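1. Here's a sequence, model it:
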Amino acid sequence: MSKSKTYNLQEVKTYSKWDDYTMLVKLRLSLVVVATSILGYMIAAGTVIFWREMLLLAVGGMLVTAAANTLNQVLEKDYDKLMQRTKDRPLAAGRMKVSEAVMFAGMTCLIGVSILAIFNPITALLGMVSFITYAFLYTPLKRFTTLSVAIGAVPGALPVLIGYTAFSGTISYVAIALFSIQFLWQFPHFWAIGYLAFDDYNGAGYKLLPTKNGKIDPSLGLHAAIYGIMIIPFAWMAYTFDGVSTIGLVLTIFMTIVYSIMGLHMYRRQDRKSALLLMFTSFFYMPLVLVAFYLWP
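-> Below is the predicted model:
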């Protein structure tokens, strides 16, 4: 009597060219960046909205962000292969040539910065600084020092400043306050993500989180709470220079306190659930703050 054989065939996922470019530019992340820039523009503009300019800003910002994300993957393709969440990226998986990605990054950066230059030189310069800092400073430093998180927070906070200057043409105190708020917001946000993906990052050799004896520093959540509280003086700065009303300020301070409490919760619990809670809080925090600045100027 013959025995039937069972074969465990691993399903191989196929990717279209659209899928590959979507992954290459990190489309969802890029859309969030563009949305932040648009909100920065709207805060500067107030009730005066120029839709054609906003569309140009969205396209220019999207192209510069796409270029930075593409070069990030060019430089990290060998390390992306080592992480579960990135091994299927087009360069890491070998579905796309490096030359194709580099040419795409060069074209999108050139066109994107040129579009931003239509607004004013400051906006174009900030776009270029964001591109260079992310691709050529933050990306390589991730493997050597935890200071890379602070360096990466600069291009992460520039979109709101780019949007603001696209309308105003100047870097005002309110613009600096908005930049500083988004800069500080990123530390708890990223540390929560880094906590959840620590094994993946560590296995690929990235030094993104402070560690003790090969484990995540237990004071990470406390640091997250402190960085959250540091946002409040900059919210007050925006209020002082008429960038936000009393209602907007109170809402921002309230959300900031909640954000910091989530950091303290992570510090006390030291588990994935508390890190997830901090991460999801961070997703809502920045959009709500920017909307508060817009609705209650």
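
2. what residues are up against P155?
-> P155 is in contact with A68, V129, S130, F131, T133, Y134, Y138, counting by CB atoms under 8 Å, 6 or more residues apart in numbering. For every residue, glycine as well, the C-beta is placed using N, CA and C.

3. That one: helix or strand, and which one exactly?
-> Counting by DSSP states H and E, the secondary-structure element that holds P155 is helix 148-168.

4. Helix, strand, or coil at I132?
-> Three-state secondary structure (criterion: DSSP: H, G, I helix; E, B strand; the rest coil) places I132 in helix.

5. can you pull the contacts of it?
-> Under the criterion of CB under 8 Å, 6+ apart, the contact list for I132 is empty.

6. same deal with G203?
-> When contacts are counted by CB under 8 Å, 6+ apart, G203 touches L82, M83.

7. ok, it to Q186 distance?
-> In this structure, G203 and Q186 are separated by 23 Å, where distance is defined by CB to CB, to the nearest Å.

8. Can you give me the neighbour number for W18?
-> One way to gauge burial is a neighbour count; for W18, by other CB atoms under 10 Å, it gives 9.

9. Which secondary structure element is home to it?
-> For W18, the enclosing helix or strand under DSSP H and E is helix 17-24.

10. Next SSE downstream of that helix?
-> Sequence-wise, the next helix or strand downstream of helix 17-24 (DSSP H and E) is helix 27-45.

11. picking up where we left off before, would you list the buried entries among the contacts of P155?
-> Buried by 16 or more other CB atoms under 10 Å: A68, S130, F131, T133, Y134, Y138, out of the contacts of P155.

12. which residue is nearest the centroid of the chain?
-> Within the chain, the residue whose C-alpha comes closest to the C-alpha centroid is G156; the distance, by CA atoms, centre = their mean, is 4.8 Å.

13. quick one: low-confidence parts of the stretch 1-150 of the chain?
-> Across the stretch 1-150 of the chain, the ranges flagged by pLDDT under 70 are 1-12.

14. And the helices in it?
-> Along the stretch 1-150 of the chain, the stretches classed as helices by DSSP state H, counting those that start in this stretch are 17-24, 27-45, 51-80, 98-117, 121-132, 139-141, 148-168.

15. What count of nearby residues applies to A66?
-> Here the neighbour count serves as a burial measure; for A66 (other CB under 10 Å) it reads 23.

16. give the contact list for it.
-> When contacts are counted by CB under 8 Å, 6+ apart, A66 is found next to L24, V25, S30, A105, T108, G112.

17. repeat that for 10 Å
-> 21, 24-27, 30, 33, 104-105, 107-109, 112 (CB atoms under 10 Å, 6 or more residues apart in numbering).

18. if we can go back for a sec, among the helices of the stretch 1-150 of the chain, show me which one is buried the most.
-> Greatest average neighbour count among these goes to helix 148-168 (a mean of 23), per mean count of other CB atoms under 10 Å.

19. Next secondary structure after that one?
-> The C-terminal neighbour of helix 148-168 among helices and strands, as given by DSSP H and E, is helix 173-196.

20. Show me which residues of that next one are buried.
-> If you call a residue buried by 16+ other CB under 10 Å, then helix 173-196 has these buried ones: 174-195.

21. follow-up on the earlier one: identify the farthest-apart pair in the contacts of P155.
-> Based on CB to CB, the longest span within the contacts of P155 runs between V129 and Y138 and measures 12.0 Å.

22. what sits in contact with each of those two?
-> Taking CB under 10 Å, 6+ apart as the contact definition, V129 and Y138 share the neighbouring residues V154, P155.

23. Let me see the domain layout of the protein.
-> Per the record, the chain has its domains at 15-171, 172-297, by automatic domain parsing.

24. Output stretch 160-173 in CSV with nothing but the alpha carbons.
-> Below are the C-alpha coordinates for stretch 160-173, written out as CSV (Å, rounded to 0.1, in the frame of the first residue of the first chain):
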residue,chain,number,x,y,z
VAL,A,160,6.7,71.2,8.8
LEU,A,161,9.3,74.0,8.5
ILE,A,162,9.4,73.5,4.7
GLY,A,163,5.7,73.9,4.5
TYR,A,164,5.7,77.0,6.7
THR,A,165,8.4,78.7,4.7
ALA,A,166,6.8,77.8,1.4
PHE,A,167,4.0,80.3,2.4
SER,A,168,5.9,82.8,4.6
GLY,A,169,9.3,82.9,2.9
THR,A,170,10.9,83.4,6.3
ILE,A,171,11.9,81.3,9.3
SER,A,172,9.9,82.9,12.1
TYR,A,173,9.8,82.1,15.8
